[in-house]
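K.L.:
got a sequence here, can you model it:
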Amino acid sequence: MEIRLILRGALSGFVAGVLGFVFARIFAEPMIDKAIAYESGRDEILDKLNRAAGRPIAPDGPEIFSRSIQSTVGAASGIIAFATAMGALVAVAYVLLHGRFQVRPRNLAWLVAAFGFFGVYLLPFVKYPADPPAIGHTFTITTRGHLYLIMVAASLVLLGAAVYVARRLMRRFGLLTAVVLSAAGFLVVFGVLIGLLPSLGNLAANVAHANQFGFARAATETPQPITNILSTPLTIDGKTVGPGQLVYPGFDPDVLWKFRWYSIINQLLIWTTIALVFGALLERFFLGRRDPRPRAAAMPESLPV
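P.N.:
Predicted coordinates:
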């Protein structure tokens with residue numbers, strides 16, 4: 001039975017991944033194109049400034065995949081693979097919780113998917129939100145990856161602890177009071193966690209980078225405006241830029257806001273589709289298509305909630 005449930009979860013994730021890719025292709029890709037265009041212009045200006053200042057210019061890395069491949073096959077593969085894996089994990093979690101709660105299979109699937117959405121994506125997003133290309137330095141990729149994984153693991157543990165505490169308190173205080181107390185404790189601990197973890201802009205490598213090139217310090221790795229830090233005027237693209245004057249603007253906040261907003265919606269679409277499809281498949285698997293009542297009586301978790 002377990003294998004068949006996990007396969008149904010993976011199928012649900014695959015369907016969710018296809019929908020997620022279509023959404024990303026329509027809404028997120030234009031933001032990514034704008035971010036790449038900004039990054040190209042910024043790199044060009046930085047090369048000219050470094051050349052004028054006598055600094056070495058790093059050569060461009062090879063383009064392994066073209067932009068068209070990245071935005072189609074690459075994006076589809078990544079989103080569908082992620083969603084399929086999450087669907088399978090939802091099914092694994094369901095198998096582990098099977099029979100432990102007096103909840104209909106469909107409702108339990110929704111609860112597990114909601115747990116995954118908050119723990120895997122939304123709560124880590126609060127501290128380390130999704131960024132488009134042009135945001136993020138290559139020399140902090142490893143550190144950023146480790147910090148994000150810490151946030152995911154901590155979010156899942158804290159959510160699990162909050163559910164456990166609520167169930168224990170419910171016997172003494174009732175459902176509403178137990179949920180409120182557990183949620184309050186979760187918010188306090190989660191607030192301490194995101195306060196202790198460093199902001200990306202305050203990483204040692206980013207501080208040194210900002211000081212070296214005269215960039216404004218920020219709490220994130222969002223590109224800041226570039227100014228002429230030299231003591232002499234510079235001529236760039238036929239324009240003379242005096243010391244301290246703006247050479248290139250910072251990253252467009254509208255593009256950043258829209259990209260992050262679309263990222264949240266895309267993840268919500270994926271996890272909702274997983275819950276919807278997997279829940280429906282569970283109902284058919286356990287209760288049958290025509291007359292679910294005879295079998296429902298024999299299943300402790302099929303009681304309606």
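
K.L.:
all contacts plus neighbour counts: C-alpha atoms, from now on.
P.N.:
Fine.

K.L.:
wait, what's in contact with Phe82?
P.N.:
When contacts are counted by Cα atoms under 8 Å, 6 or more residues apart in numbering, Phe82 touches Gly17.

K.L.:
separation between it and His137?
P.N.:
As judged by Cα to Cα, to the nearest Å, Phe82 and His137 stand 24 Å apart.

K.L.:
hey, where'd the strands end up in the protein?
P.N.:
In the chain, strands defined by DSSP state E lie at 226-227, 234-236, 239-241, 246-248, listed in chain order.

K.L.:
worst mean pLDDT among these?
P.N.:
In terms of mean pLDDT, the lowest-scoring of these is strand 234-236 (a mean of 73).

K.L.:
okay, and the beta partners of the nearest residue to Ile45 once chain neighbours are set aside?
P.N.:
In space, and not counting its chain neighbours, Ile45 is closest to Tyr248: 7.3 Å by Cα to Cα, 6 or more residues apart in numbering. Counting by DSSP bridges, Tyr248 is bridged to Ile226.

K.L.:
Tyr248 and Ser231: what is the separation?
P.N.:
Look at Tyr248 and Ser231: by Cα to Cα, they are 17 Å apart.

K.L.:
comparing these two, which residue is more hemmed in?
P.N.:
Between Tyr248 and Ser231, Tyr248 has the larger neighbour count (other Cα atoms under 10 Å), namely 16 against 9.

K.L.:
for the strands of the chain, which one ends up most surrounded?
P.N.:
The highest mean neighbour count among the strands of the chain, using mean count of other Cα atoms under 10 Å, belongs to strand 226-227: a mean of 20.

K.L.:
residues in contact with it?
P.N.:
Contacts of strand 226-227 (Cα under 8 Å, 6+ apart): Gly214, Phe215, Pro243, Gly244, Gln245, Leu246, Val247, Tyr248, Pro249, Gly250.

K.L.:
out of these, which is nearest to Ile26?
P.N.:
For these, the minimum distance to Ile26 (Cα to Cα) is 25.4 Å, reached by Gly250.

K.L.:
how many other residues sit next to that closest one?
P.N.:
Gly250: 14 surrounding residues under other Cα under 10 Å.

K.L.:
residues contacting it?
P.N.:
Counting by Cα under 8 Å, 6+ apart, Gly250 touches Thr222, Pro223, Gln224, Pro225, Ile226.

K.L.:
switch the cut-off to 6 Å
P.N.:
Each residue near Gly250 by Cα atoms under 6 Å, 6 or more residues apart in numbering is listed here: Pro223, Gln224, Pro225.

K.L.:
from Val180, how far out is Asp169?
P.N.:
Asp isn't right for residue 169; it's Leu. As judged by Cα to Cα, Leu169 and Val180 stand 10 Å apart.

K.L.:
between these two, which is the more surrounded one?
P.N.:
Using other Cα under 10 Å as the criterion, Leu169 and Val180 rank with Leu169 on top: 18 against 12.

K.L.:
how about the more buried one: what's its closest non-neighbour residue?
P.N.:
Leaving out its chain neighbours, the residue that sits closest to Leu169 by Cα to Cα, 6+ apart is Ala178, at 5.1 Å.

K.L.:
so how far is Arg4 from the residue nearest to Ile45?
P.N.:
Distance from Tyr248 to Arg4, by Cα to Cα: 56 Å.

K.L.:
can you list the low-confidence ranges for the stretch 201-305 of the chain?
P.N.:
Where the stretch 201-305 of the chain drops to pLDDT under 70, the residues are 212-216, 237, 288-305.

K.L.:
show me the helices in it, by range?
P.N.:
Listed in chain order, the helices of the stretch 201-305 of the chain (DSSP state H, counting those that start in this stretch) span 204-213, 253-287, 293-296.

K.L.:
hang on, the earlier thing: and the strands of the chain as a markdown table, adding distance to Ala28?
P.N.:
Output for those, formatted as a markdown table (distance: least, Cα to Cα, whole Å):
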| stretch | distance to Ala28 |
| --- | --- |
| strand 226-227 | 26 |
| strand 234-236 | 32 |
| strand 239-241 | 34 |
| strand 246-248 | 24 |
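
K.L.:
of those, which is nearest Gly160?
P.N.:
The stretch from those with the least distance to Gly160 (Cα to Cα) is strand 226-227; that distance is 44.8 Å.

K.L.:
what subset of the contacts of Gly250 is buried?
P.N.:
For these, a burial check counting by 16 or more other Cα atoms under 10 Å picks out Pro223, Gln224.

K.L.:
which one of the contacts of Gly250 is nearest Trp261?
P.N.:
After measuring the contacts of Gly250 against Trp261 - Cα to Cα - the closest member comes out as Pro223, at 19.0 Å.

K.L.:
quick one: contacts for that closest one?
P.N.:
Applying Cα under 6 Å, 6+ apart to Pro223 gives the contacts Gly250, Phe251.
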